[in-house]
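J.: sequence first, then the predicted structure:
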Amino acid sequence: MRFLKIIFFIIVLFVLAFITLLFINFRAPQKNGERERFVVQQKTVSEKDIIDDLKKQGYLKSEMIFNLIFDLKGWHGRITPGGYLISKNMNAYQLAQTLSLGPSQKWVLVPPGKRKDSINFTEDA
């Protein structure tokens, strides 16, 4: 019986340690952070490169947690080029959700001699 109590105690410790580790990595990198513009340059940049940039610039604590959120929500492939308003006080879920919803700013190249009224503004154009 004593052996079972010890095994149960060890399992509880592992579960608590795992939950603590998830919580620490899920939190925002900073408590106070201003909204900043993060730019995704072009469609040829991979999602992994974007996530690496977010980590290097201090927006993410853990790439693994961020990818886990994208996997669970089915948001992979939804980051499109443009400008995103994000902050270092966003937790991993808030950041993933903001990036999956699309940019707040998009850039358009208007060919010489054309007016904005004569241009088709579609995603593939």
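T.: On my side now, so go ahead. Residues are numbered from 1 along each chain as shown.

J.: going forward, measure contacts between C-alpha atoms and count neighbours the same way
T.: Will do.

J.: so in this protein, where's the weakest helix or strand by average pLDDT?
T.: Sorting the helices and strands of the chain by mean pLDDT, DSSP states H and E puts strand 35-40 at the bottom, at a mean of 72.

J.: C-terminal to that one, what's the next element?
T.: Downstream of strand 35-40, the first helix or strand assigned by DSSP states H and E is helix 47-56.

J.: for that following helix, list every residue counted as buried.
T.: By neighbour count, and taking 16 or more other Cα atoms under 10 Å as the criterion, the buried residues in helix 47-56 are 47, 50, 51, 54, 55.

J.: nearest spatial neighbour of the fourth one, chain-adjacent residues omitted?
T.: Once flanking residues are discounted, residue 54 sits nearest to residue 60: 6.0 Å by Cα to Cα, 6 or more residues apart in numbering.

J.: do a quick rundown of the helices in the protein.
T.: Assigned helices in the chain, in chain order: 2-26, 47-56, 63-73, 92-100 (criterion: DSSP state H).

J.: report the angle between the axes of the third one and helix 47-56?
T.: Looking back up the chat, that one is helix 63-73. Helix 63-73 and helix 47-56 are oriented at 130 degrees to each other (axes from the mean of the first three to the mean of the last three Cα atoms, to 10 degrees).
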